[in-house]
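Undergrad: Here is the input, now give the coordinates:
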Amino acid sequence: MGNTTLQTFELLDAFLNNKEVPVKEFYIAEYPKTKYYILKNGGTIDNANDVFQEAYFACWKKLSSGNFCPNNRTEIEAYLFTTAKNKWIDQTRAVGKRKTTTIDERLYQLEADETALNHESNEKEQQLNITLTAFENLGPACKELLTEFYFHKMSVREIAQKLNIEEASAKNKKYRCIQKLKELALEKSS
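TA: Below you'll find the model as predicted:
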């Protein structure tokens, strides 16, 4: 628990003092969640990039102004994601208003579809939060390996070279790390 608090203050300090490396790492770690949400809700990668940029700037501005004093990293993550989600909803509503229709039935169907999408996205958001929490509980070696593979798109061969181990060992280690992540995520969802 103390580690999370330390990380929180480091992250807040990074935002308040414009420390590039931790802020960039946070950006890279949080972007996939927003991208997934927007793609699942009718957006494009360009939409996801634009919305995440706007939300990230709003989050940074709120943190640096002192108007938002989170107690932990999860609150910053939640604020960022909620801001992105609301910006996307606002954009889709604005588009919907420009494409007005006179058929009431169609509007009711859109509302029903939106309710179903919100329910589905809430479930997926909850699953993603469980996975992210499980990732935070992984050991540093597994975090580094999975981050290099999934976020920095390094090949197993490149990771093996970086870690100065055999490629087969890197592949086995990646497999074990994924299994550990799944195990931790299942524990959290129970």
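Undergrad: in terms of contact, does Val23 touch Leu12 like I think?
TA: No. The criterion here is Cβ atoms under 8 Å, and Val23 misses it with Leu12 at 10.8 Å. Backbone N, C-alpha and C define where each C-beta goes, glycine included.
Undergrad: which of the two has more neighbours?
TA: Leu12 (19 against 16; other Cβ atoms under 10 Å).
Undergrad: how close does that one sit to Asn18?
TA: Distance of Leu12 to Asn18, given as Cβ to Cβ, to the nearest Å: 12 Å.
Undergrad: Glu54 now?
TA: Per Cβ to Cβ, Glu54 is found 19 Å from Asn18.
Undergrad: Which one of the two is surrounded by more residues?
TA: Ranked by neighbour count (other Cβ under 10 Å), Glu54 and Asn18 place Glu54 first, with 15 against 9.
Undergrad: so where's the protein shaky on pLDDT?
TA: Residues of the chain that meet the criterion pLDDT under 70 lie in 1-9, 96-114, 116-117, 119, 190.
Undergrad: where do the helices sit along it?
TA: Assigned by DSSP state H, the chain shows helices spanning 2-16, 20-40, 45-65, 73-98, 104-136, 140-146, 156-163, 167-189.
Undergrad: Give the other helices and strands that the last one contacts.
TA: Read it as helix 167-189. helix 104-136, helix 140-146, helix 156-163 (3 or more Cβ pairs under 8 Å, 6 or more residues apart in numbering; DSSP states H and E).
Undergrad: Asp46: which of those is closest?
TA: Judged by Cβ to Cβ, the one of these that comes nearest to Asp46 is helix 104-136, at 19.8 Å.
Undergrad: Would you confirm that Lys173 contacts Leu145?
TA: Yes. The criterion here is Cβ under 8 Å, and Lys173 meets it with Leu145 at 6.1 Å.
Undergrad: Who has more neighbours out of those two?
TA: More crowded of Lys173 and Leu145, by other Cβ under 10 Å: Leu145, with 24 against 19.
Undergrad: where's that one relative to Ile28, distance?
TA: To Ile28, Leu145 is 15 Å away according to Cβ to Cβ.
Undergrad: would you turn the helices and strands packed on helix 167-189 into TSV with distance to Asn72?
TA: Listed next are the helices and strands packed on helix 167-189 as TSV, based on distance: least, Cβ to Cβ, whole Å:
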stretch	distance to Asn72
helix 104-136	11
helix 140-146	18
helix 156-163	30
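Undergrad: nearest to Thr74, of the ones you listed?
TA: Nearest of the helices and strands packed on helix 167-189 to Thr74, taken as Cβ to Cβ: helix 104-136 at 8.0 Å.
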